[in-house]
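*Asks:* Output the structure for:
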Amino acid sequence: MGSYGYGLWFLVIINSAVFIIFAASFFHPRSSRDWKAMGAFSSFIVALMVEMYGFPLTIYLLSGWLGSRFKSLTLTHDGGHLWSELIGWEGDPHLSPFHLASYVFIGLGFWIIAAAWPVLLRAAKAGTVATRGPYLRVRHPQYAGFLSITFGFLLQWPTIPTLLMFPVLVWIYRRLSIQEEKTAATEFGEAWHAYAAATPRFLPRLRGWATDRAPRTRPRW
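*Replies:* Predicted structure coming up:
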């Protein structure tokens, strides 16, 4: 893994397709909002895979600036694990704290997306607000799942494009979620307001969640 390890455009295509199709099989995009969310995630994955297997633009740019300070910051595949390089991790980069944590966030994200879909489907068929499963913790678990996956990849293989794209993804998902909430408020009325007042949008509370708060006019995270 210490070799150059790039220029593998076939792997760029294959890995991008695998992650995008895998995510779509859990997310089941149907509406235009779903496809926008899926498109934003897909763009992030393609940008990531291009630098992971195609051309290491970020390492190329940083090696000239930080190369004298970080000797291992070279155009090798191991050099792409930037967090490990910057903290001076001397072991296998795939076993670094950042890399191991990335598995947790990526796996958690896919699990949340998969667990949320059947709950949402049952609620849609019953004509009620989805409040079970992951929806007990957050109002938009599928968007939260996408953000967890992308954050995990940032821990595993940070690049300048994906670091810039991540806050854009947050903005896109927040905007889409607010649109969905307006639709839900119109359709479900007080039932939605009560649920939204007690449940965060993306980030679950560490200590349970309140159920007796008055509805707020501004959507919460």
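*Asks:* contacts, neighbours, all on C-alpha from now
*Replies:* Will do.
*Asks:* Could you work out the end-to-end span of stretch 80-89 for me?
*Replies:* Using CA to CA, to the nearest Å, one end of stretch 80-89 lies 13 Å from the other.
*Asks:* Could you list the buried residues of that stretch?
*Replies:* Applying a neighbour-count criterion of 16 or more other CA atoms under 10 Å, one finds 80-85 buried in stretch 80-89.
*Asks:* same question, stretch 108-120
*Replies:* Result for stretch 108-120 [16+ other CA under 10 Å]: buried residues 108-110, 112-117, 119-120.
*Asks:* Could you pull out the helices in the protein for me?
*Replies:* Assigned helices in the chain, in chain order: 9-27, 32-49, 57-66, 82-86, 97-126, 141-156, 160-188, 190-198 (criterion: DSSP state H).
*Asks:* re the thing from before, just give me the closest of the buried residues of stretch 108-120 to Trp157.
*Replies:* Comparing these against Trp157 with CA to CA places Gly109 closest, at 16.7 Å.
*Asks:* Deepest in the core, which of the helices of the chain is it.
*Replies:* Of all these, helix 141-156 has the most neighbours on average by mean count of other CA atoms under 10 Å, namely a mean of 24.
*Asks:* Pick out the least confidently modelled helix or strand of this structure, by mean pLDDT.
*Replies:* Every helix and strand of the chain was ranked by mean pLDDT, DSSP states H and E. The lowest is helix 57-66, at a mean of 73.
*Asks:* Where does pLDDT dip in the protein?
*Replies:* 1-4, 63-75, 78-79, 207-221 (pLDDT under 70).
*Asks:* tell me the centre residue of it?
*Replies:* Most central in the chain under CA atoms, centre = their mean is Leu147, positioned 2.5 Å from the mean C-alpha point.
*Asks:* who's in contact with stretch 97-117?
*Replies:* 23, 26-28, 83-84, 93-94, 133-135, 141-156 (CA atoms under 8 Å, 6 or more residues apart in numbering).
*Asks:* before we move on, back to that, how about CSV for the helices of the chain, with distance to Leu206 added?
*Replies:* Conversion of the helices of the chain to CSV gives the following (distance: least, CA to CA, whole Å):
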stretch, distance to Leu206
helix 9-27, 25
helix 32-49, 26
helix 57-66, 35
helix 82-86, 27
helix 97-126, 16
helix 141-156, 15
helix 160-188, 21
helix 190-198, 14
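*Asks:* Quick check: which of these is nearest to Thr76?
*Replies:* Of the helices of the chain, the one closest to Thr76 (CA to CA) turns out to be helix 57-66, at 8.8 Å.
*Asks:* From Tyr143, how far off is the closest residue to Phe151 other than its chain neighbours?
*Replies:* Leaving aside its chain neighbours, Phe151 sits nearest to Phe105 (7.0 Å; criterion: CA to CA, 6 or more residues apart in numbering). Distance of Phe105 to Tyr143, computed by CA to CA: 14 Å.
*Asks:* cool, Thr186 as well?
*Replies:* 21 Å.
*Asks:* what do you get for Met38?
*Replies:* 10 Å.
*Asks:* cool, Val50 as well?
*Replies:* If you go by CA to CA, the gap between Val50 and Tyr143 works out to 24 Å.
*Asks:* how near is the spatially closest residue to Phe26 that is not a sequence neighbour to Ser96?
*Replies:* Distances taken as CA to CA, 6+ apart put Ala114 closest to Phe26, at 4.9 Å, once the chain neighbours are dropped. As judged by CA to CA, Ala114 and Ser96 stand 28 Å apart.
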